[in-house]
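In: Starting from these lines, generate the structure:
(one chain, ligands or ions: 1)
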Amino acid sequence: MIKHLKVLERNAQDARLFLEKSNALNEDFLPIKKEGYILWPLNFEVKGEIVVCEGVESKRNSRDYRQLLPSEIRGLAPRSFDIFGDIGIIRISDECLEYSKIIAKALLESHLNLKKVAIDKGVKGEYRIRQLQMIMGEPGFVSVHRENGFEFKLDISKVYFSPRLSMERSRIYEMSESREEVLDAFAGVCPFSVSLASKGCKVTAVDSNPDSEFWAHENFRRNKILKSSYDFLCSKIEEVLPELKFYDRIIMNSPTTSLNYLQLISSKLNVGGVIHLYTIIENDINLRIGDYLPSNFSCVFERVVHPYSPSSSLVVFDIVKVKNNVQKTNQ
Ligand SMILES: C[S@@+](CC[C@H](N)C(=O)[O-])C[C@H]1O[C@@H](n2cnc3c(N)ncnc32)[C@H](O)[C@@H]1O
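Out: So this is what the prediction gives:
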């Protein structure tokens, strides 16, 4: 069973172009025509009506790079991988490591937009940096990634960036309104901040990694965001928070730690404002976000963004502040 985007037949070609551009179109499968609609097969969920059903495997000219592999390796090689700019990023099991160059070559031959392939050995440390090993292509991890009409240039071996969050960035862009005050508390190279500033929001972006600061300024500039629309503070959020103002929207995308900061950072939310909190949850745990907040906060939306490991998922919670706490007195 795979996820499909359901669109009216008359919108099918626009949808295909959008999905191809964002690398969301799963070209191992064919589109399905059904009662005036087209179901486009997906690599990952995008915004719109999603239908989960049996995919129709494409027999012709598939871009499944594994078809170029010798049969003894094909079954071991991963089906999915990430694309950051012109770099293919792939996770390889230990038993498959000895075939990594053959796998990389097949990937480059089947995806002409890729120039390099690197192995992803996981994300580590306070700065959430991906441990990468280049296995094919020129050395160097700087590339330009295009997403939702924006461009992000960065060195993916020195800062955090995930192409898998494009739908979340688009969702929050759609929800936001110009002139909102926004705090991007763990901003990285500012993919959320750039898109919201482009809509006329006034953004305060905070990240503790000095390399994030360097690339964030590059990305505001590349996307023609005026300096008056944003501040970037290179600091730990807990150190600058007391001097910050109050915000209409707060983005907390530090999935391994954000729950620990929720109480503290929520103190800077305006009444009627919203927090987008990203956190990793074990699949068999039913997290009650209300347990982490005072009673005047309410969770109005939650969804799984993508699987994180076989037993856990990245989940987003949208949390609103409904009214001010009324102080009880004994008079
Ligand atoms: C998962 S990344 C998210 C980056 C960005 N929001 C994005 O979507 O690409 C978390 C970021 O938080 C930063 N970070 C970690 N601890 C921090 C802290 N205490 N204060 C501010 N930033 C922090 C890291 O450097 C990293 O860039």
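
In: count of neighbours near P78?
Out: P78 has 13 neighbouring residues, counting by other CB atoms under 10 Å. Using the backbone N, CA and C atoms, a C-beta is placed for each residue, glycine as well.

In: In a strand, it, correct?
Out: No: read with DSSP: H, G, I helix; E, B strand; the rest coil, P78 is coil and lies in no strand.

In: Would you enumerate the residues in contact with it?
Out: For P78, the contacting residues are 90-93, 96, by CB atoms under 8 Å, 6 or more residues apart in numbering.

In: can we see that at 10 Å?
Out: 65-66, 90-93, 96, 103 (CB atoms under 10 Å, 6 or more residues apart in numbering).

In: I'd like the distance between the residue of the chain found nearest the ligand and I289.
Out: Residue of the chain nearest the ligand, by CB to the nearest ligand atom: G188 (2.7 Å). According to CB to CB, to the nearest Å, G188 stands 23 Å off from I289.

In: Pick out whichever of the two has more residues nearby.
Out: G188 (27 against 19).

In: can you pull the pLDDT of that one?
Out: Per-residue pLDDT puts G188 at 98.

In: Equivalent analysis for I237, please.
Out: pLDDT, I237: 98.

In: so what's it up against?
Out: Per CB under 10 Å, 6+ apart, neighbours of I237: 183-187, 206-208, 244, 252, 254, 261, 264-265, 268.

In: Out of these, which end up buried?
Out: Listed as buried from those are 183-187, 206-208, 244, 252, 254, 261, 265, 268; burial here means 16 or more other CB atoms under 10 Å.

In: then stretch 71-86 to PDB, C-alphas only?
Out: Output of stretch 71-86 as PDB, limited to C-alpha atoms (Å, rounded to 0.1, in the frame of the first residue of the first chain):
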ATOM      1  CA  SER A  71      20.300  -9.300  -8.700                       C
ATOM      2  CA  GLU A  72      22.300 -10.400  -5.600                       C
ATOM      3  CA  ILE A  73      22.600  -6.800  -4.400                       C
ATOM      4  CA  ARG A  74      19.200  -5.500  -5.500                       C
ATOM      5  CA  GLY A  75      17.300  -7.000  -2.600                       C
ATOM      6  CA  LEU A  76      19.700  -5.500  -0.100                       C
ATOM      7  CA  ALA A  77      19.900  -2.000  -1.400                       C
ATOM      8  CA  PRO A  78      17.500   0.600   0.100                       C
ATOM      9  CA  ARG A  79      14.500   1.600  -2.000                       C
ATOM     10  CA  SER A  80      14.300   5.200  -0.700                       C
ATOM     11  CA  PHE A  81      16.900   7.900  -0.200                       C
ATOM     12  CA  ASP A  82      16.900  11.600   0.300                       C
ATOM     13  CA  ILE A  83      17.800  14.200  -2.300                       C
ATOM     14  CA  PHE A  84      19.500  17.400  -1.100                       C
ATOM     15  CA  GLY A  85      20.300  19.600  -4.100                       C
ATOM     16  CA  ASP A  86      22.500  17.500  -6.300                       C
END
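
In: tell me the SS of L262?
Out: helix.

In: Report the spatially nearest residue to it, omitting neighbours in sequence.
Out: Y292 (5.0 Å; CB to CB, 6 or more residues apart in numbering).

In: Next: L233.
Out: V206 (4.7 Å).

In: Also V56?
Out: V56 sits nearest to L30 (CB to CB, 6+ apart), 4.5 Å away.

In: That neighbour contacts S58, correct?
Out: Yes: here L30 lies in contact with S58, judged by CB atoms under 10 Å, at a distance of 5.0 Å.

In: about what we covered before: for L39, see how far away the residue nearest to V56 is.
Out: 10 Å.

In: if you count what's nearby, which of those two comes out ahead?
Out: L39 (24 against 17).

In: List the beta-bridge partners for that one.
Out: K6, I32 (DSSP bridges).

In: what's near enough to touch it?
Out: Counted by CB under 10 Å, 6+ apart, L39 has contacts 2-7, 12, 29-33, 49-51, 53, 55-56.
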